[in-house]
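>>> One predicted model, sequence on top.
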Amino acid sequence: MTKSVTFLGLAALTTGVLLSGCAASGDETPGASAATSAVAAAASATRGAATATKISANTASEPEIAAALRAAGVSSPERWAEEVVEYRPYATDDTALSRLRQKLAKYNPGEETMNKILAALRP
């Protein structure tokens, strides 16, 4: 998952650089502006795809969970990934991951951290 998001970001960046180079070959600033807009839009789409995709708390490996938590902005993602794996399995019909929330609450992660963890995962 992370590799595909990274690849998409790299592809978008490469396309933007190529478009920027083409536009810079003449004195036309509109082309450069369009290239800059294209790069910004591609980068935004890549970030959106990264945050919109949740990984399974039941089947993802601990490093995959840590990577997803890191991408979601969770501090100490390895520690939290270890806890997520420890309390498996999670009911597939518990889309809010209530049991995981309950288990993680004993470590007092703070509401913002808890929300970031749960936002990155699905049962």
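Thanks, I have the structure now.

>>> per-domain residue ranges of this structure.
For the chain, whose domains are defined here by automatic domain parsing, the residue ranges read 2-52, 55-122.

>>> weakest of the ones you listed by average pLDDT?
For the domains of the chain, the weakest mean pLDDT is recorded on domain 2-52, namely a mean of 48.

>>> sec struct for the residue lying closest to Y87 once chain neighbours are set aside, please.
Once its chain neighbours are removed from consideration, Y87 has its nearest residue in K103; the separation is 4.5 Å (CB to CB, 6 or more residues apart in numbering). Placement of C-beta: from N, CA and C, glycine included. Per DSSP: H, G, I helix; E, B strand; the rest coil, the local secondary structure of K103 is helix.

>>> Number of residues surrounding R70?
Neighbouring residues of R70 were enumerated by other CB atoms under 10 Å; the total is 17.

>>> L121 too?
Under the neighbour criterion other CB under 10 Å, L121 is assigned a count of 22.

>>> repeat for I55
By the criterion of other CB under 10 Å, I55 has 19 neighbours.

>>> Just the element for the nearest residue to it once chain neighbours are set aside, please.
When the adjacent residues along the chain are set aside, I55 lies closest to A68, with 4.8 Å between them (CB to CB, 6+ apart). Element membership for A68 (DSSP states H and E) is helix 62-71.

>>> Which residues does whichever helix or strand comes after that helix contact?
The element immediately downstream of helix 62-71 (helix or strand, assigned by DSSP H and E) is helix 77-86. Applying CB atoms under 8 Å, 6 or more residues apart in numbering, the contact partners of helix 77-86 are 57, 62-63, 65-67, 69-70, 74, 100, 103-104, 107, 109, 113, 117, 121.

>>> if you set the cut-off to 7 Å instead, what comes out?
Counting contacts by CB atoms under 7 Å, 6 or more residues apart in numbering, the residues outside helix 77-86 that touch it are A57, E62, I65, A66, L69, R70, V74, L100, L104, Y107, I117, L121.
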